[in-house]
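In: could you look at this predicted model? Sequence included:
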Amino acid sequence: MAQFLQVLLSGLATGSIYALAAVGFSLVWQAAQAVNFAQGEFVMLPAFLVLIGEHWLHWPLWAALLFGFALSILLLGLAFKRLIVQPFGPDGGLPLVIATMALSILLKEAVKTFYGAEAEPFPSLIPNGDFHIGGAVISVRDVLNLAAALAVVMLLTLFLDRTKTGRQMQAAAQNPGVAEILGIDVARMTLYAFLLNAALAAVASFLITPVYLAKFSNGESLGLVAFIAAIIGGFNRIRGALVGGLLIGVLDNLTATYVTLSYRAALPLVLLIAVILWRPQGLLGDAEARIV
Amino acid sequence: MLELSDIRAGYADVQILNGVDLALRPATITTVIGPNGAGKSTLFKAIFGLIRVRSGRVRFGTEDITNEKPARLLARGIAYVPQGRNVVPRLSVRHNLELGAVTLADQSRVGERIEAVMDRFPALRQHQARKAGDLSGGQQKQLEIARALLLEPKLLLIDEPSIGLSPNLVRDVFKVLQGLRDAGVTVLMVEQNAKAALAISDDGLVLELGRARMHAPATQLLADPAVGRLFLGAAIEG
Ligand SMILES: Nc1ncnc2c1ncn2[C@@H]1O[C@H](COP(=O)(O)OP(=O)(O)OP(=O)(O)O)[C@@H](O)[C@H]1O
Ligand SMILES: [Mg+2]
């Protein structure tokens, strides 16, 4: 029981990072019909931007974090939209998919070239330590990572549902033609979605990198997991992507502990197939919303 | 009011409107009729800045509004209800209405405007918390019209409002349009249900092959045997 609790919680903690990436992925998909296959690298890169601030510019951690965050939003938000997505037009299709795949390789290779292939330690904002509850040893980091990620997603959904700008973003995503005739600045709303995705990726990066260390290859499986989490949750639902991310994190940890380590990488794919067979609209999606 | 001179517009390398001339009299309803694909919806899109007017002029009052963007046109007092379904499906009815006012300069007045349009469409008040996508087709159309009225437009462009509505609802929608006209709003409408639409209209316009073929008082079009044979017969059955 104690072990189960431990495994469950660390699964949720990992899953919450997947969820951040998946939610951002879904935002960009909804706003621009762009499938971002560089999403994993979007989570890998911000940590390195912080390291640049720390090691090259010799800034204190807080300044380096701010620098990394701001630069992430600029590069992974604004520049990504303007330079990669926009040139392919409103319906980027397959060429855009290929462009994001190329971007993923470019980001990986660039980091490897400029920063090396070795894993770099990354400063943690959270003290190491454990809670002991009953017989279970629960890491402080897991709890705080989970809490932080959930808080971020909650704030995001509050913003989208409760503010006028958030609802204009929803309108621009759900029905851009209608948004336009109502005088909503659709291009700006789309940009906001890209900026939010970059912010989510940066937060995910800052939370996860202290655990795995900063490495150019960190995004490799993460991007695929984010993609699958977004699909199994219901491709066009923020809450769906959250649930999808958490679910993959938990199942991943449970199978690794209780079944086998060897098929771990296949698990998200198995989940994906199961969802496509039994609930093609996704766990939280509804069939009607796909038509609209 | 609205004045079009020699409007040409289309999509990519196809030109659909081949020089449309039209002047609307203020506080009237004008119905545009014409065969499928004649360019009726295209005309509205060109007026409302959704596709580029390649040549010719659109004037509103004394001002040239050719190729102005929707946000600007809304601020001038022009509203547009396109053909088909045009709600934001996963937002509530109330939030859909509120989106009709994003261009309103004085945002503190949005609440009272919403109340005013809901007075006109009681069904919307009743369903204001529901998701717009869950409403019936008729209610969605009411929502779209209400949303367009939120800014108290001087000119309403409305494209095929009766599609998918029961005869009762069509009558209700037409009554709303007549009420607007009586309050001084100018209405330009496209309608398949040509006979019924002309019956409540002041003027009619026959659009064919991207040109205004005939622009005359509605009674005259209704009495015209050629118009009747070509455009009114089939429309009533459908
Ligand atoms: N987005 C578009 N791209 C290319 N061609 C289009 C587009 N929209 C309409 N057309 C073409 O332009 C022509 C006129 O279309 P339009 O929608 O204006 O006709 P309409 O008179 O409104 O017909 P309907 O009675 O069917 O609504 C048609 O031949 C149509 O196929
Ligand atoms: Mg049409």
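Out: Arrived safely, thanks for sending. Just so we're clear, the structure is a prediction, and the values are computed from it rather than from any experiment. Ligands and ions are numbered 1, 2, ... in the order given.
In: what does chain B have sitting close to ligand 1?
Out: Within chain B, the residues that sit near ligand 1 (CB under 6 Å from any ligand atom) are B:11, B:16, B:34, B:36, B:37, B:38, B:39, B:40, B:41, B:42, B:83. In short, each C-beta sits where N, CA and C put it, glycine included.
In: among those, which are located in strands?
Out: B:11, B:16 (DSSP state E).
In: from the residues of chain B next to ligand 1, which land in helices?
Out: B:40, B:41, B:42 (DSSP state H).
In: any idea how many residues pack against the residue of the stretch 51-200 of chain A found nearest chain B?
Out: Going by CB to the nearest CB, chain B is nearest to residue A:183 of the stretch 51-200 of chain A, at 3.5 Å. Residue A:183 has 23 neighbours, counted by other CB atoms under 10 Å in any protein chain shown.
In: how about residue A:12?
Out: If we define neighbours as other CB under 10 Å, then residue A:12 has 22 of them.
In: which residues sit in contact with the residue of the stretch 51-200 of chain A closest to chain B?
Out: Residue A:183 is in contact with B:70, B:71, B:74, B:75, B:102, B:103, counting by CB atoms under 8 Å, 6 or more residues apart in numbering or on different chains.
In: would you reformat those residues as TSV and include distance to residue B:184 and secondary structure?
Out: What follows is the contacts of residue A:183, written out as TSV (distance: CB to CB, whole Å; DSSP: H, G, I helix; E, B strand; the rest coil):
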residue	distance to residue B:184	secondary structure
B:70	23	helix
B:71	24	helix
B:74	18	helix
B:75	19	helix
B:102	24	coil
B:103	21	coil
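In: what helix or strand does the nearest residue in space to residue A:36 that is not next to it in sequence sit in?
Out: Using CB to CB, 6 or more residues apart in numbering or on different chains and skipping residues adjacent in sequence, the residue nearest residue A:36 is residue A:100, 5.0 Å away. For residue A:100, the host element (DSSP states H and E) is helix A:93-115.
In: now residue A:34
Out: Using DSSP H and E, residue A:34 sits within no helix or strand.
In: verify the stated contact: it with residue A:92.
Out: Yes - between residue A:34 and residue A:92 there is a contact under CB atoms under 8 Å: 5.8 Å.
In: before we move on, the earlier item: and the contacts of residue A:183, which of them are buried?
Out: Buried residues within the contacts of residue A:183, counting neighbours by 16 or more other CB atoms under 10 Å in any protein chain shown: B:70, B:71, B:74, B:102, B:103.
In: make JSON lines from those and add pLDDT to it.
Out: Below are the buried ones among the contacts of residue A:183 laid out as JSON lines (pLDDT from 0 to 100):
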{"residue": "B:70", "pLDDT": "97"}
{"residue": "B:71", "pLDDT": "96"}
{"residue": "B:74", "pLDDT": "97"}
{"residue": "B:102", "pLDDT": "94"}
{"residue": "B:103", "pLDDT": "92"}
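In: now the strands for chain A?
Out: With strands called from DSSP E, chain A shows them at A:130-133, A:136-139.
In: highest average neighbour count across these?
Out: Comparing the strands of chain A by mean neighbour count (mean count of other CB atoms under 10 Å in any protein chain shown), strand A:136-139 comes out on top with a mean of 17.
In: and that one, what does it pack onto?
Out: When contacts are defined as 3 or more CB pairs under 8 Å, 6 or more residues apart in numbering or on different chains; DSSP states H and E, strand A:136-139 packs onto helix A:2-32, strand A:130-133.
In: which bits of the stretch 151-292 of chain A sit near ligand 2?
Out: Counting by CB under 5 Å from the ion, no residue of the stretch 151-292 of chain A lies close to ligand 2.
In: show me which residues of the stretch 151-292 of chain A sit near chain B.
Out: Contact residues, the stretch 151-292 of chain A versus chain B (CB under 8 Å from any CB of the partner chain): A:164, A:167-168, A:170-171, A:174-175, A:177-185, A:288-289, A:292.
In: would you map the helices across the chain?
Out: With no chain named, the answer covers chain A. Per DSSP H, chain A carries helices over the ranges A:2-32, A:39-51, A:61-72, A:93-115, A:140-162, A:164-174, A:176-181, A:186-212, A:219-233, A:238-258, A:267-278, A:287-291.
In: could you do chain B instead?
Out: Shown for chain B, the helices assigned by DSSP H span residues B:40-47, B:70-76, B:93-99, B:110-120, B:122-126, B:137-149, B:167-182, B:194-199, B:218-223, B:225-227, B:233-237.
In: let me know which of the helices and strands packed on strand A:136-139 is the nearest to residue A:231.
Out: Nearest to residue A:231, of all those, is helix A:2-32, at 8.9 Å by CB to CB.
In: closest residue of the stretch 1-150 of chain A to ligand 2?
Out: residue A:90 (21.6 Å; CB to the ion).
In: same check, this time on chain B
Out: The nearest approach of chain B to ligand 2 comes at residue B:41, 3.1 Å away (CB to the ion).
In: where does the chain have low pLDDT?
Out: Looking at chain A here, since you left the chain open. Residue ranges of chain A with pLDDT under 70: A:286-292.
In: should've been chain B
Out: For chain B (pLDDT under 70), the answer is B:233-238.
In: count the residues that sit near residue B:34.
Out: Residue B:34 has 23 neighbours, counted by other CB under 10 Å.
In: next, format the strands of chain A as TSV and append distance to ligand 1.
Out: TSV is the format used below for these (distance: least, CB to the nearest ligand atom, whole Å):
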stretch	distance to ligand 1
strand A:130-133	60
strand A:136-139	56
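In: who wins for proximity to residue B:4 among those strands?
Out: Among the strands of chain A, strand A:136-139 comes nearest to residue B:4, with 69.9 Å by CB to CB.
In: need the residues that contact that closest one.
Out: Here strand A:136-139 makes contact (CB under 8 Å, 6+ apart) with A:2, A:3, A:5, A:6, A:9, A:10, A:13, A:128, A:129, A:130, A:131, A:132.
In: any of the residues you listed buried? List them.
Out: For these, buried by 16+ other CB under 10 Å: A:6, A:9, A:10, A:13.
In: what subset of those residues is also close to ligand 1?
Out: By CB under 6 Å from any ligand atom, no member of the buried ones among the contacts of strand A:136-139 lies near ligand 1.
In: which of the residues you listed sit farthest apart?
Out: Checked with CB to CB, the buried ones among the contacts of strand A:136-139 reach their widest spread between A:6 and A:13, with 10.7 Å between them.
In: from residue A:191, how far off is residue B:5?
Out: As judged by CB to CB, to the nearest Å, residue B:5 and residue A:191 stand 37 Å apart.
In: between the two, tell me which one has more neighbours.
Out: With neighbours defined as other CB under 10 Å, residue B:5 and residue A:191 compare such that residue A:191 has more, 19 against 15.
In: how about the most centrally placed residue in chain B, what does it touch?
Out: By CA atoms, centre = their mean, chain B has its centre lying nearest to residue B:158, at 1.2 Å. By CB under 8 Å, 6+ apart, residue B:158 lies in contact with B:80, B:81, B:145, B:148, B:177, B:187, B:188, B:189, B:190.
In: ok, the residue nearest to the fourth one when sequence neighbours are not counted - how many residues close by?
Out: If I follow you right, that is residue B:148. Of all residues not flanking residue B:148 in the chain, residue B:79 sits nearest, at 3.9 Å (CB to CB, 6+ apart). The tally of other residues near residue B:79 (other CB under 10 Å) stands at 26.
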